[in-house]
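Chemist: Here is my input; please provide its structure:
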Amino acid sequence: MRIGHGYDSHIFEKNRKLILAGIEIKSEFGLKGHSDADAVIHALIDSIFGALSLGDIGSHFPDTDNKYKNISSVELLKKTVQIMEEKKYNISNTDITIILEKPKLRDYIDSMRESLAKVLKTDIKNISIKAKTNEKMDAVGRGEGIAVHCVSLLKNIDE
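Modeler: Below is the predicted model:
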């Protein structure tokens, strides 16, 4: 078993779609970033690479490479899963905490879990997603952006 922690944050930007865990969320703003800026998937990818001691998302999918410009983060997660499987690991479980003031995510949580479970090739019961506010503290609390924490436990396929 190996454990990894991931973190990502992005500021909000008008005239972009808000994509979280591969799901479009109804919102008046999206996240600023080189790819689709899916902070949930970015934190998840970092947790997987962390568990495998393989660096971070930027070392595998650099934002200086135009082939990743506006790419769906689901595609990046699929490539990450391939790497994880080549290393003989898969997801035991993952626990994700999304911190933002708005929009409210309660109605999207199950769809987000299903989306991630499909790409990770695991049961939805192995995916936990929680949405929290930052109680108006700091930039996230002022509604300027989002922060996401993720912890993933990987199990060796051969064990």
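
Chemist: Which stretches in the chain count as strands?
Modeler: Ranges of strands in the chain, per DSSP state E, are 2-14, 18-20, 23-25, 29-31, 89-99, 127-132, 145-156.

Chemist: The fourth one - contacts with which helices or strands?
Modeler: When you say that, I think you mean strand 29-31. Contact here means 3 or more Cβ pairs under 8 Å, 6 or more residues apart in numbering; DSSP states H and E; on that basis strand 29-31 packs against strand 2-14, strand 18-20. Using the backbone N, CA and C atoms, a C-beta is placed for each residue, glycine as well.

Chemist: picking that back up, please identify the most buried of the strands of the chain.
Modeler: Highest mean neighbour count of these: strand 18-20, a mean of 26 (counted as mean count of other Cβ atoms under 10 Å).

Chemist: Sheet partners, orientation included, of that one?
Modeler: strand 23-25 (antiparallel) (DSSP bridges).

Chemist: so which of the helices and strands packed on strand 29-31 gets nearest K32?
Modeler: Counting by Cβ to Cβ, K32 lies closest to strand 2-14 out of those; the figure is 3.9 Å.

Chemist: what helices or strands is the closest one leaning on?
Modeler: Against strand 2-14 (3+ Cβ pairs under 8 Å, 6+ apart) you get strand 29-31, helix 39-51, strand 145-156.

Chemist: Next, count neighbours for the spatially closest residue to S72 that is not a sequence neighbour.
Modeler: Spatial nearest neighbour of S72, excluding adjacent residues (Cβ to Cβ, 6 or more residues apart in numbering): D36 at 5.5 Å. Neighbour count for D36, taken as other Cβ atoms under 10 Å: 25.

Chemist: that older thread, adding mean pLDDT and distance to D123, write the helices and strands packed on strand 2-14 out as TSV.
Modeler: Output for these, formatted as TSV (pLDDT from 0 to 100; distance: least, Cβ to Cβ, whole Å):
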stretch	mean pLDDT	distance to D123
strand 29-31	95	28
helix 39-51	98	16
strand 145-156	98	13
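
Chemist: Output the ones you listed as CSV; include the columns distance to H10.
Modeler: Below are those laid out as CSV (distance: least, Cβ to Cβ, whole Å):
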stretch, distance to H10
strand 29-31, 4
helix 39-51, 5
strand 145-156, 6
